[in-house]
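**Student:** Turn this into a model:
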Amino acid sequence: MEKIIIGNEASVPMASLSKKRLLFIPLILAALVAFPHIVGSYLTGIFVLIGLYFISTIGISLLMGNAGLVSLAQAAFWGIGAYGSGIMAIKFSVSPFLAIPIGMVLAGVVAYILGYLTRNLQGHYFSLATLGFGIVINIVLIEESQLTGGPSGLIGVPSLGIGSFSIASDTAWFYVVAFISLIVFILTRNLVQSSWGRNLRSIQDSAVASQSMGINIGQYKLTAFVVSAVFAGLSGGLYASYMSFISPAIFSFEMSIKFVVMAVLGGLFSIYGSLIGVIVVTLLVEVLREIVPFVFGESAGGAVEVIFFGLLLVVMMIYMPKGIMGIVEKFNLRIRRGT
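**Tutor:** The predicted structure is shown next:
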């Protein structure tokens, strides 16, 4: 028989649990500080990319897991943030510290316009609209060569820095991206746990019941769509500054699929799952890049990746709809029940 905790008795274990969690914070910080010096520059660079992908993927998790909207345009907003900040920095000599927020705002404004125009679309109709938008953005990036550099892309995007000092090493970028990722994570967690997040989930559970309670369904979904795009814009701006080079090929439909796979694989209903999904998919990409050329030839790399992650997405949606975090939750539940 389970023990029912009444009154102030519940505060004791909760306080103890909070103290245990606080004890892990110094250990986590120490691990983050030491990580680049232990693993070397190659893995440090990969984890910089993982942090950048995480910022964009957590937006997809917020949108799909809480609003129930499947967007196939996350790579497009990622590209808008990257090109917006890159063009401002290269062609108008704007500091990256200001160019990146401009790219974020631009991604948010475009998302608001697209979300407003597609506010009455539901299910796969909304997904198809975002898919078409992503294709259009990719074509614009290719064709507007005077502004975007065309297929050759933008070269020489300046790195973050102040005056003569700039963030150049992978180790410095690791610390910067880890800090920004932590801020985005805390912000997203607060949004999900706020009344706004609860109302958003209630809309997903029952739109009719939510509307009868006076919740503006369209406005909530539009806000979630804009927030997701702003996160993608932030990730894109940081990516452009880190890589110093961007091209339209990076911000294609395939990348949107990868963002969705990352979110689904980790678990749409858990913001912790976003990080797990990003780590797994990014490492899988590195493995595929080593294996695929030997099996299918040098020219088959991109096509095989798309097929692989498409099949992985289908399998996950059928057999693991709650992702890796769903398995972890089931395991923890069995431990609590002693089964």
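**Student:** where are the low-confidence patches of the stretch 51-200 of the chain?
**Tutor:** Applying pLDDT under 70 to the stretch 51-200 of the chain flags the ranges 163-164.
**Student:** Apply 80 and report the result again.
**Tutor:** Along the stretch 51-200 of the chain, segments meeting pLDDT under 80 span 161-166.
**Student:** which residues does Gly267 contact?
**Tutor:** Contacts for Gly267 (CB atoms under 8 Å, 6 or more residues apart in numbering) come out as Gly65, Gly273, Ile276, Gly277, Lys322, Gly323, Ile324, Met325, Gly326. C-beta coordinates here come from the backbone N, C-alpha and C atoms, glycine included.
**Student:** Run through the residues that contact the fourth one.
**Tutor:** Going back to what we said before, that points to Gly277. Thr57, Val261, Met262, Ala263, Val264, Leu265, Gly266, Gly267, Gly323, Ile324.
**Student:** Leaving out chain neighbours, which residue sits closest to the fifth one?
**Tutor:** In other words, Val264. Excluding its sequence neighbours, the residue lying closest to Val264 (CB to CB, 6 or more residues apart in numbering) is Met316, at 5.0 Å.
**Student:** For my notes, confirm Ile215 occurs in a strand.
**Tutor:** No: under the criterion used here (DSSP: H, G, I helix; E, B strand; the rest coil), Ile215 is coil, not part of a strand.
**Student:** Settle this for me: it is touching Gln204, isn't it.
**Tutor:** No: in this structure Ile215 lies outside contact range of Gln204 using CB atoms under 8 Å: 11.5 Å.
**Student:** What is the neighbour count of Leu131?
**Tutor:** Leu131 sits with 19 neighbouring residues when counted by other CB atoms under 10 Å.
**Student:** Am I right that it is in contact with Val70?
**Tutor:** No: using CB under 8 Å, Leu131 is not in contact with Val70, being 9.8 Å away.
**Student:** which residues are common contacts for these two?
**Tutor:** Joint contacts of Leu131 and Val70 (CB under 8 Å, 6+ apart) do not exist.
**Student:** so Val70 is in which element?
**Tutor:** Val70 is part of no helix or strand, with elements assigned from DSSP states H and E.
**Student:** Before I go, just wanted to say thanks for your time.
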